[in-house]
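Trainee: need a structure here:
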Amino acid sequence: MLKKTKAGLLPLYLKLYDDAMPEIRAQFEPFLQTVVDGLSQAGIEVMRGEVCRLRSEFQNEIRRFEENSADILIALHLAYSLSLEAIDAFAAASIPILLLDATMDAAFGQDADPARLMFNHGVHGVQDLASVMKQRKIPFHITAGHVTESNVLQRAAGISRAACAARRLSGMKLLRIGGAFAGMGDFSVDDALLQDRFGASIDSVGPEILADDIQAISNDEIEEEMQHDLAEYQAGVDPDVHRRSVKVGLGLRRYLDRGGYGAFSMNFLSFDSAAGPVDTVPFLEISKAMSRGFGYAGEGDVLTAMLVGALNQTFGKTTFTEIFCPDWKHGTLFLSHMGEINPALSAKRPVLCEKDFPWTNACNPAFLACAPAPGGAVLVNLAPGPDHTFHLIIAPVEILEDAGNPAWQESIRCWIRPPKPLERFLEEYSLQGGTHHSALTAGDWVEAIDAFASFLGMERTILSA
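Mentor: Numbering: from 1, shown residues only. Prediction:
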C-alpha cells in the first residue's frame with residue numbers, strides 16, 4: 001500500500017535564447033539530470049518534461065503530467081522564462097505546483113566568470129512567474145537553494161510527498177468495525193461530513209462480518225504466518241494464543257484487501273465473545289496492517305485512521321498513538337495504546353506477547369510490544385473545529401531512547417520531548433482543540449506536513465519552540 005510519489009519536472013526556458021544561441025541549451029543537461037537524480041534518491045518518481053518556452057508547450061507538458069497521474073508539478077527555471085507564456089497553463093493545472101528556485105553554480109561572487117551569468121539567472125524568472133501567480137490567486141509552494149550544497153531537493157521531495165498524501169486522503173475508503181466508543185466526543189464527526197469534505201466513503205460493520213473470511217483461512221496459511229511472525233519478532237507468547245490471533249488477523253486482512261480500504265478503525269468492546277470464529281481482538285494484525293501502509297485508529301475513529309493512512313502511505317513509518325501521561329519532572333510525554341503500534345518504527349525486534357484482556361468475554365489476544373527508535377518525529381492531530389471545519393495540529397517532537405526498564409518490556413511505550421515546555425505545549429495543544437487520538441510520523445517532516453494541510457485547504461498550527 002505504500003505509494004510512490006510521482007512528480008512532473010517542468011524545465012522553463014526562453015525561446016529568444018534558442019533563437020540567438022541554440023548551442024547553449026544542451027549545457028543545462030547535467031544540471032537537469034542532477035535534479036532528477038536528487039529527487040529520485042529522495043524517493044520520488046520523476047517524470048521529466050520537455051523544456052518549455054511557449055504557451056502551447058506548457059499546455060502540452062502539464063496535460064501529459066496530469067494524464068500520467070503526477071501528484072505535483074515541479075517547475076524549474078533553467079534561465080529566465082516569460083511568465084505570460086506559462087501562466088494560463090499553470091492556472092488550469094489540476095495538480096499542485098512547486099517552484100524549485102535553484103541554479104547551476106553554488107557560488108556567484110565578485111570573482112565569478114561573467115560567462116556563467118547565462119546559467120545562473122533563473123531566479124528572476126521565478127520571481128516573474130511567482131508574482132503573476134500571486135496576482136492570479138494561483139496557490140503554489142517554493143523551495144530555494146543549491147541542488148547539491150543545500151537540502152533544497154530533500155525539501156522539494158517532502159512537499160511532493162505531501163501532495164501525494166493529500167491525494168491519498170481525498171476519497172479514501174474507510175472501514176469502521178463495531179461502531180464508535182460510546183461517549184468519546186472529540187473525534188466524533190458525522191460520516192456525511194467526512195464524505196462531503198474529504199470524499200471519504202465509510203462502511204460500518206460488526207465484527208461478525210469477518211466470520212466467513214476467518215473460517216476460510218487454511219491451516220497451512222496459519223502455520224506460514226506463525227512461522228513468519230516467529231522469524232520477524234521475539235517470541236514470548238503461548239502458541240494457542242498466537243494461533244487464534246493469526247487466524248482472526250488473516251480473516252481481517254482478507255476483508256480489508258478485498259474491500260479496497262485505505263484505513264480502518266475498530267472498537268475493541270465490540271469483540272465480546274470467546275465462541276465462534278471471531279474469538280479475539282485482532283491487535284496483532286492491526287499492527288501488521290500499519291506496517292503495510294494501512295491507516296488505523298482505535299475506538300471507531302475513522303477520522304484519525306484516515307490521517308494515519310495518508311501519512312503512512314506516503315511518508316512511511318507512521319503509527320496511531322495517544323498521549324497518555326505527562327512526565328512533569330522531566331518535561332516529557334508518554335505515548336501508548338492498548339495493543340496497536342506500527343512495528344516499522346520499532347528500535348528493536350518487537351516482542352510477540354499475550355495481552356491480558358479483561359474488558360469483554362473475548363479470548364486474550366497476541367500483540368506486539370515495542371518502543372520506537374529514538375530521533376526526530378512529528379506528532380500530527382486532525383481536530384474537528386466549529387462550523388464543520390477541520391484543523392491540523394503539527395508538532396515537531398523528539399522520540400527518546402527506550403531506557404530498557406524490564407517492567408515495560410511487554411508494553412507499547414514511547415516517551416517524547418515536545419518542542420517547548422511541557423505545560424505550555426499541553427495548554428496550546430488543547431486550546432487548538434487537539435483530540436486524544438493522533439498520528440506519529442518518524443522523521444523531520446514538519447514543512448511537508450504543513451504543505452499537506454495546505455493542499456487540503458485546511459487551517460493548521462505548528463506547535464514549535
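Trainee: so where's this structure shaky on pLDDT?
Mentor: By pLDDT under 70, the low-scoring segments of the chain are 1.
Trainee: kindly recompute the last result at 90.
Mentor: Residue ranges of the chain with pLDDT under 90: 1-3, 182, 185-186, 235-236, 465.
Trainee: give the contact list for Ser204.
Mentor: Residues counted as contacts of Ser204 (Cβ atoms under 8 Å, 6 or more residues apart in numbering) are Arg176, Gly179, Asp191. Any C-beta I mention is one placed from the backbone N, CA and C, and that applies to glycine too.
Trainee: touching, the second one and Ser270? I think so.
Mentor: Translated: Gly179. Yes. Using Cβ atoms under 8 Å, Gly179 is in contact with Ser270, at 6.6 Å.
Trainee: higher neighbour count, the two?
Mentor: Neighbour count, other Cβ atoms under 10 Å: between Gly179 and Ser270, Ser270 has more, with 20 against 16.
Trainee: how far is stretch 401-411 from where the chain is centred?
Mentor: Relative to the chain's own centre, stretch 401-411 is displaced by 28 Å; criterion: Cα atoms, centre = their mean, to the nearest Å.
Trainee: can you list the buried residues in that stretch?
Mentor: Neighbour-count burial for stretch 401-411 flags Asp402, Gln409, Glu410, Ser411 (criterion: 16 or more other Cβ atoms under 10 Å).
Trainee: what about the longest helix in this structure?
Mentor: Across the chain, the longest stretch assigned as helix under DSSP state H is helix 239-259.
Trainee: immediately after it, which helix or strand?
Mentor: Following helix 239-259 in sequence order, the next helix or strand is strand 263-266 (DSSP states H and E).
Trainee: among the contacts of Ser204, which ones are in strands?
Mentor: Counting by DSSP state E, the part of these found in strands is Arg176.
Trainee: Gly375: which of the contacts of Ser204 is nearest?
Mentor: Nearest to Gly375 among the contacts of Ser204, counting by Cβ to Cβ, is Arg176 at 32.8 Å.
Trainee: hmm, back to that, ok, residues contacting the longest helix of the chain?
Mentor: With Cβ under 8 Å, 6+ apart as the test, helix 239-259 has contacts from 173, 175, 203, 209-211, 213-217, 221-222, 225-226, 229, 264, 277-280, 282-286, 288-289, 294, 352, 354, 363-367.
Trainee: alpha carbons only: can I get the helix or strand where Met133 lies in PDB?
Mentor: Element membership for Met133 (DSSP H and E) is helix 123-135. What follows is helix 123-135, C-alpha atoms only, in PDB (Å, rounded to 0.1, in the frame of the first residue of the first chain):
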ATOM      1  CA  VAL A 123      15.800  33.400 -10.200                       C
ATOM      2  CA  HIS A 124      14.300  36.400 -11.800                       C
ATOM      3  CA  GLY A 125      12.200  34.100 -14.000                       C
ATOM      4  CA  VAL A 126      11.000  32.500 -10.700                       C
ATOM      5  CA  GLN A 127      10.100  35.900  -9.400                       C
ATOM      6  CA  ASP A 128       8.300  36.900 -12.500                       C
ATOM      7  CA  LEU A 129       6.200  33.800 -12.500                       C
ATOM      8  CA  ALA A 130       5.600  33.700  -8.700                       C
ATOM      9  CA  SER A 131       4.400  37.400  -8.800                       C
ATOM     10  CA  VAL A 132       1.900  36.700 -11.600                       C
ATOM     11  CA  MET A 133       0.700  33.500  -9.900                       C
ATOM     12  CA  LYS A 134       0.100  35.500  -6.700                       C
ATOM     13  CA  GLN A 135      -1.800  38.200  -8.700                       C
END
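Trainee: which other helices and strands does that helix contact?
Mentor: Contacts defined by 3 or more Cβ pairs under 8 Å, 6 or more residues apart in numbering; DSSP states H and E place helix 123-135 against strand 72-77, helix 83-92, strand 97-101.
Trainee: buried residues in the longest helix of the chain?
Mentor: The neighbour-count check on helix 239-259 (16+ other Cβ under 10 Å) flags 241-256 as buried.
Trainee: can you give me the helices for this protein?
Mentor: Secondary structure of the chain (DSSP H): helices located at 15-20, 29-41, 55-67, 83-92, 123-135, 152-169, 191-198, 211-215, 219-232, 239-259, 283-291, 302-314, 422-431, 446-455.
Trainee: name the residues of the first one that come out as buried.
Mentor: Within helix 15-20, the residues scored as buried using 16+ other Cβ under 10 Å are Tyr17.
Trainee: with the second one instead?
Mentor: Within helix 29-41, the residues that count as buried by 16+ other Cβ under 10 Å are Phe31, Leu32, Val35, Val36, Gly38, Leu39.
Trainee: quick check: angle from the longest helix of the chain to helix 283-291?
Mentor: Counting by axes from the mean of the first three to the mean of the last three Cα atoms, to 10 degrees, helix 239-259 points 40 degrees away from the direction of helix 283-291.
Trainee: related to what we said a few turns ago, whichever of the contacts of helix 239-259 end up buried, select them in ChimeraX.
Mentor: The ChimeraX command for the buried members of those (criterion: 16+ other Cβ under 10 Å) is given here:
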select :173,175,209,210,213,214,217,222,225,226,229,264,277,278,279,280,282,283,284,285,286,288,289,294,352,354,363,364,365,366,367
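Trainee: still on that earlier bit, now, among the buried residues of helix 239-259, which is nearest to His77?
Mentor: Leu256 (44.6 Å).
Trainee: go through the buried residues of helix 239-259 and name the one nearest Glu299.
Mentor: Distance to Glu299 across the buried residues of helix 239-259 (Cβ to Cβ) is lowest for Leu252, with 16.7 Å.
Trainee: next, the contact list for Ala235, please.
Mentor: By Cβ under 8 Å, 6+ apart, the contact list for Ala235 reads Leu352.
Trainee: wait, I meant Ala156
Mentor: Ala156 touches Leu39, Ala42, Ile74, Leu98, Leu100, Thr143, counting by Cβ under 8 Å, 6+ apart.
Trainee: how far away is it from His77?
Mentor: Relative to His77, Ala156 is positioned 14 Å away (Cβ to Cβ, to the nearest Å).
Trainee: name the residues contacting each of those two.
Mentor: Counting by Cβ under 8 Å, 6+ apart, no residue touches both Ala156 and His77.
Trainee: returning to that earlier point: next, format the contacts of Ser204 as JSON lines and append distance to Leu12.
Mentor: Listed next are the contacts of Ser204 as JSON lines, based on distance: Cβ to Cβ, whole Å:
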{"residue": "Arg176", "distance to Leu12": "47"}
{"residue": "Gly179", "distance to Leu12": "53"}
{"residue": "Asp191", "distance to Leu12": "44"}
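Trainee: once you drop chain neighbours, what's closest to the residue positioned nearest the centre of the chain?
Mentor: Centroid check for the chain by Cα atoms, centre = their mean gives Leu311 as the closest residue, at 1.5 Å. Nearest non-adjacent residue to Leu311, counting by Cβ to Cβ, 6 or more residues apart in numbering: Thr318, 4.4 Å away.
Trainee: in the sheet, who's paired with that neighbour?
Mentor: Residues in a beta bridge with Thr318, per DSSP bridges, are Thr441.
Trainee: centre of the chain to stretch 44-54, how far?
Mentor: On Cα atoms, centre = their mean, the centre of stretch 44-54 falls 25 Å from that of its chain.
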